[in-house]
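J.: 3D, please:
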Amino acid sequence: MKTEEEWRKLLEPEVYRVLREKGTEPAFTGVYDGHFEDGVYVCAGCQEVLFDSQFKFNSHCGWPAFDQAEKGKVREEKDTSFGMIRVEILCARCDGHLGHVFTDGPTETGLRYCVNSLALNFEGKS
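T.: Numbers count the residues shown, from 1 in each chain. Coordinates of the predicted model:
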């Protein structure tokens, strides 16, 4: 685990704001919203594999959406900020804020992991 000062030095300011301060990037601005190449999405903080591209779908919500995460790699916490009750998703390895998960997904899982592009890096399959 890193200290917040170490994270601040390691991450770009906007990535730090999302991952460490639970920020959100504006809808439809993230590089991975409309990205559908074959590969895996990893945590921008610790590079842990979080999502496989085969589970990504276009939710039209403005952020990358997946219907499932890699087993044991994403943890959930109750989020009552902004007067709402939501389920926050975090990287299980480094506790980086990823976004939220909702139960309105269109696939058989019924889940929509709504993730900030700034919280992710993509590794294509070669």
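
J.: just the strands in the protein please.
T.: For the chain, strands defined by DSSP state E occupy the ranges 39-43, 49-52, 56-57, 65-66, 74-79, 86-91, 97-102, 112-115, 120-124.

J.: Would you tell me which helix is longest in the protein?
T.: Ranked by residue count and defined by DSSP state H, the top helix of the chain is helix 13-21.

J.: which helices and strands does it pack with?
T.: Counting by 3 or more C-beta pairs under 8 Å, 6 or more residues apart in numbering; DSSP states H and E, the packing neighbours recorded for helix 13-21 are helix 4-10, strand 97-102. Using the backbone N, CA and C atoms, a C-beta is placed for each residue, glycine as well.

J.: so which of these is the most packed in?
T.: strand 97-102 (a mean of 23; mean count of other C-beta atoms under 10 Å).

J.: any idea of the angle that strand forms with helix 13-21?
T.: Using axes from the mean of the first three to the mean of the last three C-alpha atoms, to 10 degrees, the direction of strand 97-102 lies 60 degrees away from that of helix 13-21.

J.: ok, residues contacting strand 97-102?
T.: Surrounding strand 97-102, the residues in contact under the criterion C-beta atoms under 8 Å, 6 or more residues apart in numbering are 18-24, 43, 50, 63, 74, 76, 79, 86-91, 111-116, 119-120.
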